[in-house]
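Asks: Sharing a model that was predicted from the sequence below.
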Amino acid sequence: MKRLLAAFALLLPLIAGAQEPYPSKPLRFILPFPPGGGTDLLGRLIAERLSASLGQPVVTENRGGAGGNVGAEAAAHSAPDGYTLVLVAPSLAISPTLYAKLNYDPVKDFAPIALVAQVPNVMITHPSVPATTLAEFIAYARANPGKLNFGSGGSGTSNHLAGELFNLRTGAALVHVPYKGVNLAMQGALAGEVHLVFIGVPVPAPHIKAGKLRGLAVLARERSPLIPDVPTAAEAGLPDFDVTTWYGILAPAGTPGPIIQRLNAELRKMMAAPEIKERLAAMGTEPLTSTPEEFGAYIKREIAKWGDVVRKAGLRAE
């Protein structure tokens with residue numbers, strides 16, 4: 001009997017640990033881009049609110065590099081215990097086709113939790129370009145093949161792929177000019193160095209209102225309240241050209257289902273909160289919600305969509 005009691009005493013800590021409620025320690029939240037950008041700002045806001053709702057610190061960790069691949073890879077190879085999360089963007093869906101070698105699989109190596117937000121993009125040009133509408137810009141580009149260009153935040157970024165998709169859809173034949181960040185590409189447009197840039201609405205909105213940049217079209221289903229006079233692409237004559245920058249949260253594959261469901265519920269509640277909607281609106285960002293299954297299906301559709309663009313445009317990154 002004594003031996004039995006002693007053995008039970010040894011098992012007690014293990015039993016207690018197995019029944020420990022989630023979460024019982026701080027969470028790591030990987031942000032796969034450098035500090036200061038849209039992903040960083042959104043990630044820190046989510047971490048702040050998630051910490052409050054879970055009752056544990058959610059510690060952000062910026063792991064920028066290779067178009068988001070460094071951070072995504074770190075998350076994919078982490079323990080599937082619910083204590084590592086990663087905030088991802090369209091680069092996750094672009095990388096599988098763009099990169100010859102990728103050290104993670106964006107579908108097999110992750111457990112989707114939820115879509116959380118999106119930022120509509122806008123096509124901007126300098127007022128000196130002789131085109132006041134999107135239709136006029138397309139006609140001008142077609143009449144001057146290879147003479148016009150578009151700027152992006154770098155090869156393989158979502159704004160680069162948006163430009164390639166625009167070329168494929170319209171026959172514009174714009175030449176790609178990569179910058180080290182999409183904000184620098186916008187500065188290029190302000191200086192008249194590039195003829196077109198695809199960028200999230202919040203940053204160029206003040207310049208559009210001031211007349212320093214011209215907004216040709218918002219690449220979403222609805223106009224942006226930040227620039228209500230700029231039509232959607234469909235209104236401007238280019239249907240089915242919705243190119244929004246979306247954000248979602250993943251965990252490593254194998255993370256227990258109950259943990260995924262708990263986190264999904266917390267995120268859905270968070271994104272529906274009036275104060276979060278208000279703070280996101282100030283950032284030109286729209287809250288989103290989804291089930292884990294819906295987010296997983298969305299990632300697959302995005303991989304197919306951008307993979308087709310990468311192949312047709314003949315792009316490749318090492």
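Replies: Ah, there it is.
Asks: what's the single longest strand in the protein?
Replies: For the chain, the strand reaching the highest residue count under DSSP state E is reported as strand 110-125.
Asks: model confidence over it, on average?
Replies: Mean pLDDT, strand 110-125: 97.
Asks: and if you look at stretch 188-195?
Replies: 97.
Asks: got the CA positions of that stretch in PDB?
Replies: Extracted C-alpha coordinates of stretch 188-195, given in PDB (Å, rounded to 0.1, in the frame of the first residue of the first chain):
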ATOM      1  CA  GLY A 188       8.500  57.500 -55.800                       C
ATOM      2  CA  ALA A 189       5.000  58.200 -57.100                       C
ATOM      3  CA  LEU A 190       5.000  61.500 -55.300                       C
ATOM      4  CA  ALA A 191       8.300  62.500 -57.000                       C
ATOM      5  CA  GLY A 192       7.000  61.300 -60.400                       C
ATOM      6  CA  GLU A 193       9.600  58.500 -60.600                       C
ATOM      7  CA  VAL A 194       7.000  55.800 -61.100                       C
ATOM      8  CA  HIS A 195       3.600  55.900 -62.800                       C
END
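Asks: Okay, buried residues for that stretch please.
Replies: 188-190, 194-195 (16 or more other CB atoms under 10 Å). Backbone N, C-alpha and C define where each C-beta goes, glycine included.
Asks: Now the residue nearest in space to the middle of the chain: phi and psi?
Replies: Central residue check for the chain by CA atoms, centre = their mean: the C-alpha nearest the mean position is that of Ala89, 2.3 Å away. When quoted as degrees, to the nearest 10, the phi and psi of Ala89 stand at phi -140, psi -180.
Asks: Quick check: it vs Ile249, distance?
Replies: Distance of Ala89 to Ile249, computed by CB to CB, to the nearest Å: 11 Å.
Asks: Could you do Leu174 as well?
Replies: Leu174 is 34 Å from Ile249, where distance means CB to CB.
Asks: for Ala233, same thing?
Replies: In terms of CB to CB, Ala233 sits 28 Å off from Ile249.
Asks: List the contacts of Ala205.
Replies: Residues counted as contacts of Ala205 (CB atoms under 8 Å, 6 or more residues apart in numbering) are 224, 226-227, 284.
Asks: now swap in Pro130 and tell me
Replies: Per CB under 8 Å, 6+ apart, neighbours of Pro130: 136, 140.
Asks: cool, Ser152 as well?
Replies: By CB under 8 Å, 6+ apart, Ser152 lies in contact with 159-160, 163, 176-179, 182, 185, 197-198.
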